[in-house]
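Trainee: Take this sequence and fold it.
(one chain, ligands or ions: 1)
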Amino acid sequence: MAAKHITVLATGGTIAGRGARGLGRAYVPGQIGIAEMAAEVRALGIDAELSSVDIAAIGSQDIGWTEWDRLYGYIKAALNDPGVDGIIVTHGTDSAEETALLLDLTLPADTPLVLVGAMRPADAVGSDGMRNFANAVRTASDPAAGGRGVMVVMGDQVFAASDVRKAATSHIDAFRGFPRGPIANVTPASLDWFGPPPRTGEGARFDWPQTLPQVDVLMAYAGMSPCTVDALLQCGATGLVLAGMGAGNAPGPVLDALADAVRGGVPVVRASRVDQGYVDRNLEVDDDARGFVAARSYGPAKARILLQLLIASGITDPLAMQVHFDRR
Ligand code: ASP
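Mentor: Numbering: from 1, shown residues only. Below is the predicted model of the structure:
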């Protein structure tokens, strides 16, 4: 079989980080150019043709609309190139779930597109970057990779963008999926999918927006004051995501302030600050009466991306928005 052609778009992150000097911990993300990393993986004898572009060289905590818009432009160009079989985006792990979901919701599901990062910088002892990268090449080159939407490859596992989240700050198996766990196991020499592609032929769910509106996240806690809601509205929030307690709860006065925000034309999505689980409609909170949307399986970071796309698309009716959260 002819070697697959993979476009690698680099954004930085720990996978390109340097400075840990073996046993040290402090380092700077985004120090190694993608050409160097691609040369290293090629030297391992990987069976794929890689062409690479540095889009950015940042920690993913600094990623935002400028980098996303640039990245999307390069992805579209790669998609329009009949010689490209798959795309890899190297990315910091902190916000990988946000970039992955944004791309998943705005690209056709048939594109084999894989985000990959690392928990340890390239020069740390036991660095996971090159293995994750080799695993990403393996995944993006696989004939059965299409029809699964955007994927994240970390720790010898493949996750779907809609499920994945970073669940640990420093372990190399830091990523988890909810409600589905991994959709495949991968090593540089093997790839085992757990089922057929579920989204073959599915088009992009949203157009790429002109820009993304300001949506802010507020976390609930015991004794929380409703002033936080007012402060965010004064800062220009056009949508709010509540990282609520438990199944999306918050003190009564905060819920009242959020309902006022909805009445003022600012959509509110209730998610949870708990690591995983569903936030369903109308349990302890009367979403129907207050005009809220329930985030279902999405955590706050993912719920924010979907709310931004909904507002950018002019979809702000709570029940119309709810359909998109229910669909995943
Ligand atoms: N702060 C880094 C980043 O997200 C962490 C990492 O890549 O693992 O870019």
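Trainee: what's the helix or strand bottoming out on mean pLDDT in the chain in contact with?
Mentor: Comparing helices and strands within the chain by mean pLDDT, DSSP states H and E singles out helix 34-43 as the least confident, with a mean of 89. Contacts of helix 34-43 from elsewhere in the structure, counted by C-beta atoms under 8 Å, 6 or more residues apart in numbering, are 8-10, 15-16, 50, 52-54, 90, 122, 129-130, 133-134, 137. Using the backbone N, CA and C atoms, a C-beta is placed for each residue, glycine as well.
Trainee: which among these end up buried?
Mentor: Neighbour-count burial (16 or more other C-beta atoms under 10 Å) applied to these gives 8-10, 15-16, 50, 52, 54, 90, 122, 129-130, 133-134, 137.
Trainee: Could you single out the nearest of these to the ligand?
Mentor: Nearest to the ligand out of the buried ones among the contacts of helix 34-43 is Ile15 (C-beta to the nearest ligand atom; 6.4 Å).
Trainee: contacting residues around the closest one?
Mentor: Each residue near Ile15 by C-beta under 8 Å, 6+ apart is listed here: 37, 90-92, 116-118, 122, 129, 132-133.
Trainee: quick one on the thing from earlier: looking at the buried ones among the contacts of helix 34-43, which are in strands?
Mentor: 8-10, 50, 52, 54, 90 (DSSP state E).
Trainee: Give me the packing partners of the strand or helix carrying Val241, helices and strands only.
Mentor: Secondary structure here is read from DSSP states H and E; on that basis Val241 sits in strand 239-244. Under the contact criterion of 3 or more C-beta pairs under 8 Å, 6 or more residues apart in numbering; DSSP states H and E, strand 239-244 touches strand 215-219, helix 252-263, strand 268-272, helix 300-312.
Trainee: Is there proximity between the longest one and the ligand?
Mentor: Just to be clear, that refers to helix 300-312. No: contact of helix 300-312 with the ligand (C-beta under 6 Å from any ligand atom) is absent, the minimum separation being 12.4 Å.
Trainee: Any residues of the protein in contact with the ligand? List them.
Mentor: Contacts of the chain with the ligand, taken as C-beta under 6 Å from any ligand atom, map to 13-14, 29, 59-61, 92-94, 117, 119.
Trainee: quick one: which of those has the most company?
Mentor: Using other C-beta atoms under 10 Å as the neighbour test, the residues of the chain next to the ligand are led by Gly117, with 32 neighbours.
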